[in-house]
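Peer 1: just coords:
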């Protein structure tokens, strides 16, 4: 049975990382994915009925995607053929399909595991379709990216998407126990250091075992590593963030919704997560300006000014000083009264304009710079609002024959309360003018 290691020509007697030595040997040994592998899970159900379908395993790093694929082949007695999209081209794919066709002729099935399947381009993904459709291979693809964005709809329609969960602390603790059994001794770390290792792993089982292996190597003699010794000796993990992929949009969405939900603490957290991940602060600044108008609007007119000034301040100061001004804006927006009335009004006005774009303005509000335009009635009957008793004439400014719509409907939050009251008064004046 081939796998990624034997395909690379590695000697099975060579030293192996702890994470590889502890790779589960049965599906029962896989931790944290009972929702898929348990008796009531979709994969567990397939195995119970003896029929495995093509699937995409989507989940964070270190959650068992490769291991599950290998064990599925073992459980179903399929030949395990492993490829990595990073190192595989058309030639290697063609060879894998040819071998699968040859096995099929002698009654042997193939489970084709493709790691990082999202890295294949659209044409390469299309190449799988006839072989999956005919059953030449049972495809198991692994990806850390959202399949809806990265994979062809045609390929997705032929596969089931299985979502793997990041490992929780109890699952990570179980892996530590297995590591201790393999090493024949307790993890040489104090309680605080042990908890730090779980925290640093951030739900990644493989990374956790790598950290544990480093800890064992750091303290070979009796004694425990303190938290300070551990953090000094272990390499800090890079934040899981890719500015060009789904995480970029997930985190800005989390920031936006935290601001909209008036939670300054959560908003600051997601803001900081993006900065730690290397996001361009000016991208965040631009989105804060958008939030100020979309979710706060006229309920707090200063929100847009503060967001804009924070962006300008960052442009002047740069990092790290300018990031404080952006944090200032995040807190202001999150704590400001909320209204999306301006945003809703804008969208409604755009829809109406698209539907009635050929209607002319009423003649009484048109300028009449020439005698001919005056003869056409341009400007006739226009009332200068400042000269009226109430400062508002109540005239109709919509096209003739167009039913008057209401686009802007202030909710009465914050500064929109007096605006709502003023508009109600103007509406009454307009109604009196029409004799209603």
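Peer 2: Ah, there it is. Note that this is a predicted model, so its numbers are computed, not measured.
Peer 1: Quick check: the residue in the chain sticking out farthest from the centre vs residue 377, distance?
Peer 2: Distance from the C-alpha centroid of the chain, by Cα atoms, centre = their mean, peaks at residue 371 (61.7 Å). Distance from residue 371 to residue 377, counting by Cβ to Cβ, to the nearest Å: 12 Å. C-beta coordinates here come from the backbone N, C-alpha and C atoms, glycine included.
Peer 1: Any buried residues in stretch 110-130, and which?
Peer 2: Neighbour-count burial for stretch 110-130, with 16 or more other Cβ atoms under 10 Å as criterion, is recorded at 110-120, 124-125, 128.
Peer 1: Show me the residues you listed that map onto strands.
Peer 2: The members of the buried residues of stretch 110-130 that map onto strands under DSSP state E are 110-115.
Peer 1: want to throw those residues into a markdown table with pLDDT and distance to residue 308?
Peer 2: Compiled in a markdown table, those are given as follows (pLDDT from 0 to 100; distance: Cβ to Cβ, whole Å):
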| residue | pLDDT | distance to residue 308 |
| --- | --- | --- |
| 110 | 94 | 59 |
| 111 | 96 | 56 |
| 112 | 95 | 53 |
| 113 | 96 | 51 |
| 114 | 94 | 47 |
| 115 | 93 | 45 |
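Peer 1: Quick check: of the buried residues of stretch 110-130, which lies closest to residue 191?
Peer 2: residue 115 (36.5 Å; Cβ to Cβ).
Peer 1: for the closest one, what are its contacts?
Peer 2: 4, 65-66, 82-86, 142 (Cβ atoms under 8 Å, 6 or more residues apart in numbering).
Peer 1: Identify the farthest-apart pair in those.
Peer 2: Taking Cβ to Cβ, no two of those sit farther apart than 65 and 86, at 14.6 Å.
Peer 1: can you give me the strands for the stretch 51-200 of the chain?
Peer 2: Assigned by DSSP state E, counting those that start in this stretch, the strands in the stretch 51-200 of the chain fall at 55-58, 79-84, 110-115, 138-143, 160-163.
Peer 1: Which secondary structure elements does the fourth one sit against?
Peer 2: Put plainly, it is strand 138-143. strand 55-58, helix 65-76, strand 110-115 (3 or more Cβ pairs under 8 Å, 6 or more residues apart in numbering; DSSP states H and E).
Peer 1: right, and the ones you listed - which one's nearest residue 91?
Peer 2: strand 110-115 (15.1 Å).
Peer 1: Now the biggest helix by length in the chain: buried residues?
Peer 2: Across the chain, the helix with the greatest residue count (assigned by DSSP state H) is helix 416-433. In terms of neighbour count (16+ other Cβ under 10 Å), helix 416-433 has its buried residues at 416, 419-420, 430.
Peer 1: residues making contact with that helix?
Peer 2: 297-299, 337, 339, 341, 390, 392-396, 408, 410-412.
Peer 1: So which of the residues you listed is surrounded by the most neighbours?
Peer 2: residue 297 (29 neighbours; other Cβ atoms under 10 Å).
Peer 1: what helix or strand does the closest residue to it other than its chain neighbours sit in?
Peer 2: Spatial nearest neighbour of residue 297, chain neighbours left out: residue 342 (3.7 Å); criterion: Cβ to Cβ, 6 or more residues apart in numbering. Assigned by DSSP states H and E, residue 342 falls within helix 341-355.
Peer 1: Helices of the stretch 251-400 of the chain, start to end?
Peer 2: For the stretch 251-400 of the chain, helices defined by DSSP state H, counting those that start in this stretch occupy the ranges 264-276, 281-291, 302-317, 321-335, 341-355, 371-375.
Peer 1: For the fifth one, list every residue counted as buried.
Peer 2: It refers to helix 341-355. Quick answer for helix 341-355 (16+ other Cβ under 10 Å): 341-342, 344-346.
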